[in-house]
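Engineer: Provided below for reference: sequence and predicted model.
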Amino acid sequence: YNFDSNPSQFLIFGFQIAFLVIFGLFAEYAPSALPNGAKAADEEARMPTLYPMFQDTHVMIFIGFGFLMTFLKRYGFSAVSINMLLACFTIEWGLIVRGFVGSYTHGGHLKIVISLEQLLTADFAAAVVLISMGAMLGKLSPVQYIIMAFIETPVALIIEHICVHNLKINDVGGSIIVHAFGAYFGLACAKGFGKKQQRGHDNEGSTYHTDIFAMVGAVFLWIYWPSFNAAVAATADARQRAVANTFLSLCSSTMTTFLMSQLLDKHRRFEMVHIANSTLAGGVAIGTTANVVLEPFHAMLIGSLAGIVSVIGYKYLTPFLSNKLGIHDTCGVNNLHGMPGLMAGIASAIFLFVYEESRYGQDYSTIYSGMTRGADGSRAFDEKTQAINQLLAIGLVLLSSIITGYVTGFLLKIKIWDQVRDAEYFADADYFETPGDYDFTSRIIT
Amino acid sequence: YNFDSNPSQFLIFGFQIAFLVIFGLFAEYAPSALPNGAKAADEEARMPTLYPMFQDTHVMIFIGFGFLMTFLKRYGFSAVSINMLLACFTIEWGLIVRGFVGSYTHGGHLKIVISLEQLLTADFAAAVVLISMGAMLGKLSPVQYIIMAFIETPVALIIEHICVHNLKINDVGGSIIVHAFGAYFGLACAKGFGKKQQRGHDNEGSTYHTDIFAMVGAVFLWIYWPSFNAAVAATADARQRAVANTFLSLCSSTMTTFLMSQLLDKHRRFEMVHIANSTLAGGVAIGTTANVVLEPFHAMLIGSLAGIVSVIGYKYLTPFLSNKLGIHDTCGVNNLHGMPGLMAGIASAIFLFVYEESRYGQDYSTIYSGMTRGADGSRAFDEKTQAINQLLAIGLVLLSSIITGYVTGFLLKIKIWDQVRDAEYFADADYFETPGDYDFTSRIIT
Amino acid sequence: YNFDSNPSQFLIFGFQIAFLVIFGLFAEYAPSALPNGAKAADEEARMPTLYPMFQDTHVMIFIGFGFLMTFLKRYGFSAVSINMLLACFTIEWGLIVRGFVGSYTHGGHLKIVISLEQLLTADFAAAVVLISMGAMLGKLSPVQYIIMAFIETPVALIIEHICVHNLKINDVGGSIIVHAFGAYFGLACAKGFGKKQQRGHDNEGSTYHTDIFAMVGAVFLWIYWPSFNAAVAATADARQRAVANTFLSLCSSTMTTFLMSQLLDKHRRFEMVHIANSTLAGGVAIGTTANVVLEPFHAMLIGSLAGIVSVIGYKYLTPFLSNKLGIHDTCGVNNLHGMPGLMAGIASAIFLFVYEESRYGQDYSTIYSGMTRGADGSRAFDEKTQAINQLLAIGLVLLSSIITGYVTGFLLKIKIWDQVRDAEYFADADYFETPGDYDFTSRIIT
């Protein structure tokens, strides 16, 4: 076997060995997952609450992202398969990074504590990487995807840690720390990695049936988004509210997506790329405040705007970024995750001044840990400080994702990594055994 | 932009604006979805009970109905996309109508209270409209679908309100008020809207892969039907019973569907339209009594009959309705939702005399609110009155759905609405941008 | 109608009638599914715990197995449809067999008690048969599949009963009694039924889009496998642990599957058959001990090995079995269910000596019923006895599945059953009405 000709097996092998060693040395189950009769009733209550939302999120990661990306006519095998590989890689790597960051913070000795919550947040880490994959889709070899995930995961998780523990922001659905981070890392990576052969490529584009395959992913993302935004909310009422806000926001973004898609087309036709993507923008745009918004109307307004912004982005901004700035974004993640993520963050700053503190019960404590009132009524942050922190988090995410994404894109160009041939961008055949009909099926025309 | 040439954007725009205003004025979250420490434990119990069943129902609405209708060879984009649009439209519109009807009944000032239960019943309202969409599939432009949903939703919800609150019927899985209403509204609409070019059209029919896409929807409907029938049952035992009854009924209708499909074909071959639809008839036929039936055998008997009736319907009744009565039913909703829905209603009247009251515990109160015994042992309805009411509900549903459906079909013919061109019935290309292979892929023959 | 020409309708008809009669005479709902106010709170707790895991398992049976088998280019209708038929048949038949075996053991009069647990275990019985179907895929007529299920179900359930009640083994995810049994029954059946025309057949193989359809099934199996392995675990901590162990094992087998798939290909390309199947091997290999393993590292190690073994199996063992031993295994169930199932069983014996009893709380009782300590500290089995019993169960499963599978394969060759024509192995058209594009779509080449 000739490892030198293609280093990716060697790298996957090395990573899996390293992960095994690290888990062997440091990983252990949380007490709630270990035999202990006394806690049974308590844990019995957690499993029914969290587990279904965890599984819904799991469907989003593996079916949702995986099939959404099958729209390319010649890249379906890669889309759904590499999605799986990157998700598994990032879940393992994310568990390690998060475990070590958490241990460091708590000052104890290094350990990786595994519980259902950790597996859920590992899925969130996978989402970051898969969003970036959307921007790079079709342009990287398997080993390059892995390298990208290896670099992106610790940066994203450390920035998340700073946002949550130092800035004490609320971002219950991860719109800032997952969606915006993943999108702008991906865009910057696309810029750093870009060359002109990636733009206007013959292989880019869909066929009739691959657009329908993509809808399997899109519709499952749509259905389970409420679980994604509600899963880590602290109380039952907040979870129900997060579900309802996300649901209403999604309905609204779907309405405005259809409206705008037809409105901006000179033949008054809908575009499937809008329907598969912009309908979901409401889920992102409500993400940061899904547990905050108290009036259904506000959720609908955010969703409506998100759909509008997203379709306009696909129609005008994506071609502009590609043609004028050399930022080729295969799936248009800027329109689904980027701009709606920024909207979510900005909305979170605004909402601090929309509702009275009294409407959240005793205080904001279940939402903003920094605004918990002490016995004397004082609190670390007031509304203005919290709002500034929410905005600081956006800035930090933008800065860190763009810098590290750009550097990553640059690193991926180094010839030590296997590079996709120019003719084979957005195509499976160099990396997957394809059936005899592959060329025919993926090239049929009228 | 030229709004006059195609009014649908204008209408979607107008509706979404109107919905936003109405939600802004009248909508509020239920107390259980608002911050309130005291109720946390109670709500913690509701979310795990209801939320997974809500999400299962959600999959049925968006994946189930959406993909089931992708079987048409040239209408896959429309099927899954317009399904999404109509569902979102009906969910928003249904929340408003139900809120107002409820407010009116309770005599308070107008308000729309949003909770997980309301979102679930909004999904049920969407099911009504999507069933009617099945009968009209391929014949309407987007704006016509929206107009149909706009008219149908309030009629269906008001009739449902009368059935549940005045006639006090039990219809836990909505077989009368959702399935039968949606089916007969759709059939009457097809009659009112019908013209001969819609029948025997070249574009009607499937391809090998679109029939497989349809099975994604069919199988998910099959899997989650128990949740649909159990979600609103009042007690935990009733929910478990509704799940088990629906499960057994579906297994039985699947068995008889395969039996009948082969039996009625002269070459002894199965037809995919039966397998994608009639297998589900058991879920409809047990729907009204899923919480009532106490013997597994009875559930299996109902399911067995439903499968038989449904396949016979597809084989003989659908062509007869189309050719002789001018009722063209694209998906055969009469066979999946109509006749099995009527079976469910009739069965509900019969079952009132099958089991003793004593088998339901203290009294029938958790199932039939009108049969609750007071302190003196008296009750508003006896078995006979309740049975008559169940039958009256069927009559009311048939009458109202057929009249309003027919009138709607007639209204949709008015030329102010964008009309599908005769050559483009059951085809995407007038309303969706289609990839270059669209004509080839949807017209390939041996 | 000419029943003689094709007996399968007659048989399905006869079975469904017989099942109806048996359910009519013997089936009843469990108390938890019957009206009974007193138990409400208790059952309220069971539904949220078990029902979501039941539904996840349901998705695996009907979507997972059904779509995984659609990879064949000309057999998609049969794969997803016959999967449904066999599952329903086996669920009904399995409920009967299990009810009677249970009644016999408890010494009471015959009855079939239906509860959510019974429906879940009926899904497990369906899994056994569907795994065997994978080995026979494309080679049997509908009636032959039914006969196979009719024979296999009682044998599998009786062997399971002996393993669980007499040998008192732990096999929480059914890797021994479901996966290994189903796989080796299927392989032996393939041997007994084999003829050379089944090997190297033109119809065997996939097309580009059918490989993507198969991934719908594969990814849903991957996602919901943790529920399959955790559903029947006795305590909440065991369920959480089973979920986490399965999750980590699956991530690891996915990593090693990609590694090995590329490594063993001379062009360094991935094969979709590995990605759709071997990635799942970690779910099988951890199945028996998902509730036992206490260190995350051990779960990852098992998953890593399972992926390696499975890919090697597909690459070298499946062709060897087919070419040298005449065992044609269409889906390669030996590599996904057989060998990983044996690994799971062997691991269960080893793990008895890996962890101290004290780590499981008071004793092993929630995992190994035979190792419960009495008041005097004594127990029926010690670690060594339990380990031997786990190995005895493997032996019993292998012996019984191979003998009955081989005999079944032989019986299926008898000419009284409708036989698939040699030219039509792995093809739909003899048993399904196919659209006009069927021949074209399933035979397109470069």
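Structural biologist: Right, received. Where do you want to start? Numbering: from 1, shown residues only, chains lettered A, B, ... in the order given.

Engineer: does any part of stretch A:232-249 sit near chain C?
Structural biologist: No: against chain C, stretch A:232-249 shows no contacts by C-beta under 8 Å from any C-beta of the partner chain, the least distance being 12.6 Å. The C-beta positions use only the backbone N, C-alpha and C, and glycine is treated the same way.

Engineer: Pull out the buried residues from that stretch.
Structural biologist: For stretch A:232-249, burial by neighbour count (16 or more other C-beta atoms under 10 Å in any protein chain shown) applies to A:232-233, A:235-249.

Engineer: Please apply the same query to stretch A:56-72.
Structural biologist: Residues of stretch A:56-72 classed as buried by neighbour count (16+ other C-beta under 10 Å): A:56-72.

Engineer: quick one on the thing from earlier: might you specify the subset of the buried residues of stretch A:232-249 located within helices?
Structural biologist: Those of the buried residues of stretch A:232-249 mapping onto helices are A:236-249, per DSSP state H.

Engineer: ok, back up a step: same for chain C: which of the buried residues of stretch A:56-72 are within range?
Structural biologist: When contact is defined as C-beta under 8 Å from any C-beta, these meet chain C at A:H58, A:V59, A:F62, A:I63, A:G66, A:F67, A:T70.

Engineer: Name the SS class of the third one, please.
Structural biologist: Here A:F62 takes the helix state, with states given by DSSP: H, G, I helix; E, B strand; the rest coil.

Engineer: any idea how far B:G370 is from it?
Structural biologist: From A:F62 over to B:G370 the distance is 48 Å, taken as C-beta to C-beta, to the nearest Å.

Engineer: Can you list the residue ranges for helices in the stretch 301-446 of chain A?
Structural biologist: Using DSSP state H, counting those that start in this stretch, the helices assigned to the stretch 301-446 of chain A run over residues A:318-325, A:333, A:339-351, A:383-412, A:438-443.

Engineer: The first one vs chain B: in contact?
Structural biologist: I take that to be helix A:318-325. No: Helix A:318-325 is not in contact with chain B by C-beta under 8 Å from any C-beta; minimum separation 15.0 Å.

Engineer: Next secondary structure after that helix?
Structural biologist: helix A:333 (DSSP states H and E).

Engineer: Name the residues that touch that next one?
Structural biologist: By C-beta atoms under 8 Å, 6 or more residues apart in numbering or on different chains, the residues outside helix A:333 that reach it are A:I131, A:S132, A:G134, A:A135, A:G182, A:A183, A:G186, A:L187.

Engineer: Repeat that for stretch A:357-376.
Structural biologist: Under C-beta under 8 Å, 6+ apart, the answer for stretch A:357-376 is A:168-170, A:234-235, A:238, A:291-292, A:294, A:379-383, A:385-386, A:389, B:34-37.

Engineer: 7 Å - rerun?
Structural biologist: Applying C-beta atoms under 7 Å, 6 or more residues apart in numbering or on different chains, the set of residues contacting stretch A:357-376 from outside is A:168, A:170, A:234-235, A:238, A:291-292, A:294, A:379-381, A:386, B:35-37.

Engineer: I'd like to know which of those are buried.
Structural biologist: Buried members of the contacts of stretch A:357-376, counted by 16+ other C-beta under 10 Å: A:K168, A:N170, A:T235, A:A238, A:N291, A:V292, A:L294, A:R379, A:F381, A:Q386, B:P35.

Engineer: Report the two of those separated the most.
Structural biologist: Farthest pair in the buried ones among the contacts of stretch A:357-376 (C-beta to C-beta) is A:K168 and A:L294. Separation: 20.8 Å.

Engineer: re the thing from before, can you check the contacts of helix A:333 and name whichever has the most neighbours?
Structural biologist: Most neighbours among these, by other C-beta atoms under 10 Å in any protein chain shown: A:G186, with 34 neighbours.

Engineer: Can you tell me, leaving aside adjacent residues, what's nearest to that residue?
Structural biologist: Excluding the flanking residues, the one nearest A:G186 by C-beta to C-beta, 6 or more residues apart in numbering or on different chains is A:A135, at 3.0 Å.

Engineer: try A:P154
Structural biologist: A:V97 (4.7 Å).

Engineer: Just the local confidence number for that neighbour, please.
Structural biologist: pLDDT for A:V97: 97.

Engineer: Specify the residue positioned farthest from the middle of chain A.
Structural biologist: Distance from the C-alpha centroid of chain A peaks at A:D376, with 40.2 Å (C-alpha atoms, centre = their mean).

Engineer: Return the distance of that one relative to chain C.
Structural biologist: Look at A:D376 and chain C: by C-beta to the nearest C-beta, to the nearest Å, they are 40 Å apart.

Engineer: Hmm, A:Y431 and A:F77 touching each other?
Structural biologist: No: shown here, A:F77 and A:Y431 do not form a contact pair, counting by C-beta atoms under 7 Å, at 8.2 Å.

Engineer: More neighbours: the two, which one.
Structural biologist: Per other C-beta under 10 Å, whichever of A:F77 and A:Y431 has more neighbours is A:F77, with 27 against 24.

Engineer: which residues sit in contact with that one?
Structural biologist: Counting by C-beta under 7 Å, 6+ apart, the residues that A:F77 touches are A:D428, A:F432, C:D211, C:M272.

Engineer: Three-state assignment for it, please.
Structural biologist: Classified using three-state DSSP, A:F77 is helix.

Engineer: What is the burial count for A:A127?
Structural biologist: The tally of other residues near A:A127 (other C-beta under 10 Å) stands at 25.

Engineer: quick one, what contacts it?
Structural biologist: Contact analysis of A:A127 by C-beta under 7 Å, 6+ apart lists A:I61, A:V178, A:G182.

Engineer: Surely the second one is in contact with A:V129?
Structural biologist: No: A:V178 is beyond contact range of A:V129, at 10.0 Å (criterion: C-beta under 7 Å).

Engineer: Please compare these two by neighbour count and tell me which comes out ahead.
Structural biologist: Legend: neighbour count by other C-beta under 10 Å for A:V178 and A:V129, higher for A:V129 (30 against 27).

Engineer: how much space is there between the more buried one and A:L398?
Structural biologist: A:V129 sits 18 Å away from A:L398, going by C-beta to C-beta.

Engineer: For A:Y29, what are phi and psi?
Structural biologist: Note on A:Y29: backbone dihedrals following degrees, to the nearest 10 are phi -80, psi 150.

Engineer: In space, what's closest to it - neighbours in sequence excluded?
Structural biologist: A:Y29 sits nearest to A:I114 (C-beta to C-beta, 6+ apart), 5.3 Å away.

Engineer: Give me the neighbour count for the one you found.
Structural biologist: 26.

Engineer: List phi and psi for it.
Structural biologist: Torsion angles, degrees, to the nearest 10, at A:I114: phi -100, psi 120.

Engineer: from what I can see it touches C:V243, true?
Structural biologist: No: using C-beta under 7 Å, A:I114 makes no contact with C:V243, being 10.4 Å away.

Engineer: wait, what's in contact with A:W417?
Structural biologist: A:W417 neighbours (C-beta under 7 Å, 6+ apart): A:S141, A:V143, A:Q144, A:I147.

Engineer: does the second one sit in a helix or strand, and which one?
Structural biologist: Remark: A:V143 resides in helix A:142-161, with elements defined by DSSP H and E.

Engineer: Show me what secondary structure element comes after that helix.
Structural biologist: Of the helices and strands lying after helix A:142-161 in sequence (DSSP H and E), the nearest is helix A:181-193.

Engineer: what's the average pLDDT for that following helix?
Structural biologist: Averaged over helix A:181-193, pLDDT sits at 98.

Engineer: Kindly report the same for stretch A:248-258.
Structural biologist: The pLDDT scores in stretch A:248-258 average 97.

Engineer: Check stretch A:388-405 too.
Structural biologist: pLDDT averaged over stretch A:388-405 gives 98.

Engineer: Same question for stretch A:293-302.
Structural biologist: Average pLDDT, stretch A:293-302: 96.

Engineer: what comes up buried for it?
Structural biologist: Of the residues in stretch A:293-302, A:V293, A:L294, A:E295, A:P296, A:F297, A:H298, A:A299, A:M300, A:L301, A:I302 count as buried by neighbour count, 16+ other C-beta under 10 Å.
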